[in-house]
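A.B. asks: how would this look folded up:
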Amino acid sequence: QVQLQESGPGLVKPSQTLSLTCTVSGGSITTNNHYYNWIRQPPGKGLEWMGAIGYSGSTYYSPSLKSRTSISRDTSKNHFTLQLRSVTPEARAMYYCGRAVGRSWSSEWGQGTQGTVPS
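C.D. replies: Numbering: from 1, shown residues only. I've put the predicted structure just below:
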């Protein structure tokens, strides 16, 4: 069974880059037709899809975040990384990565990691 684990520095200063990694075990990130999503949930708000990376390395981004977001991967480490540039306190949220079969909502998710940006 696949497991996903988010990691990264919990605290980032405004204007800096938030960099989070999702390490996958129990499955390869290059498996055909598997896609990996990043979502976030600010305190008291709903879920926001941020972007995804596919099994071939193709990337997809939310239009509202596209100019500040990058997703990359390291197949040798079986992990992928989200970078959110020029953060503001609005980036304060729980960040989750998940796996999906096909370009769809993930059926398996990590436990999440807190991203904090002081005001």
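
A.B. asks: so who does the spatially closest residue to residue 94 that is not a sequence neighbour touch?
C.D. replies: Using Cβ to Cβ, 6 or more residues apart in numbering and skipping residues adjacent in sequence, the residue nearest residue 94 is residue 112, 4.5 Å away. C-beta: built from backbone N, CA, C; applies to glycine. Residues near residue 112 by Cβ atoms under 8 Å, 6 or more residues apart in numbering: 6, 94, 95, 96.

A.B. asks: and the most centrally placed residue in the chain, helix, strand or coil?
C.D. replies: Against the mean C-alpha coordinate of the chain, by Cα atoms, centre = their mean, the closest residue is residue 38 at 3.1 Å. Under the three-state scheme (DSSP: H, G, I helix; E, B strand; the rest coil), residue 38 adopts strand.

A.B. asks: and the contacts of residue 112 as a markdown table, adding secondary structure and pLDDT?
C.D. replies: What follows is the contacts of residue 112, written out as a markdown table (DSSP: H, G, I helix; E, B strand; the rest coil; pLDDT from 0 to 100):
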| residue | secondary structure | pLDDT |
| --- | --- | --- |
| 6 | strand | 98 |
| 94 | strand | 97 |
| 95 | strand | 98 |
| 96 | strand | 98 |
